[in-house]
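Asker: pasting the sequence and the predicted model now:
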Amino acid sequence: MEERIVHFEIPADDPERAKDFYEKVFGWKIEKWDGPMDYWLVNTGEKDPGINGGLTRRADPVTITTNTVGVENLDNKLNEVTGAGGEIVMPRSVIPNMGYLAYCKDTEGNIFGLMESDESAEAEEVE
């Protein structure tokens, strides 16, 4: 599997305002996600190359535009990140019906996401 950027996230203090901005400026289609978190899906178009993304409320660790890289095995990749001097800033979490996500920091302080796709991923029970 090639490890490529597969998703971006734009943090916003007011996601509805950001939605209006990006729809007007770029013609992107942005819709509120019907999932367990406050999130808007961004469709940037149908032509390749290109990637789609999301709008999220600004909160740690996503305070700046963040790219997410698709990986085959998230746990292995997290070990590689820490082994190369990077840091895990948000541990592995479940995105129901999509997969597993973690956020990391590189050696220069840049935040990036890692995503392992798995449509069978289910929300973890909270005790």
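Answerer: Nice, I can see it.

Asker: other SSEs contacting the lengthiest helix in the chain?
Answerer: Counting by DSSP state H, the longest helix found in the chain is helix 15-26. On a contact count with 3 or more CB pairs under 8 Å, 6 or more residues apart in numbering; DSSP states H and E, helix 15-26 meets strand 5-12, strand 29-32, strand 39-43, strand 53-57. (C-beta placed from N, C-alpha, C; glycine too.)

Asker: give the buried residues for that helix.
Answerer: Of all the residues in helix 15-26, those buried under the rule 16 or more other CB atoms under 10 Å are Pro15, Ala18, Lys19, Phe21, Tyr22.

Asker: mind putting these in CSV, pLDDT included?
Answerer: As requested, the buried residues of helix 15-26 are exported to CSV (pLDDT from 0 to 100):
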residue, pLDDT
Pro15, 91
Ala18, 93
Lys19, 93
Phe21, 91
Tyr22, 93
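
Asker: ok, so of the residues you listed, who is nearest Gly45?
Answerer: Nearest to Gly45 out of the buried residues of helix 15-26 is Tyr22 (CB to CB; 12.1 Å).

Asker: find the nearest non-adjacent residue to that closest one, please.
Answerer: Excluding the flanking residues, the one nearest Tyr22 by CB to CB, 6 or more residues apart in numbering is Trp28, at 4.9 Å.

Asker: list the residues that contact that neighbour.
Answerer: Tyr22, Val42, Asn43, Thr44, Gly45 (CB atoms under 8 Å, 6 or more residues apart in numbering).

Asker: what mean pLDDT does stretch 97-112 have?
Answerer: Across stretch 97-112, pLDDT averages out at 92.

Asker: which element is Thr82 on?
Answerer: Using DSSP states H and E, Thr82 maps to helix 74-83.

Asker: burial of Ala84, as a residue count?
Answerer: Neighbourhood size, Ala84 [other CB atoms under 10 Å]: 9.
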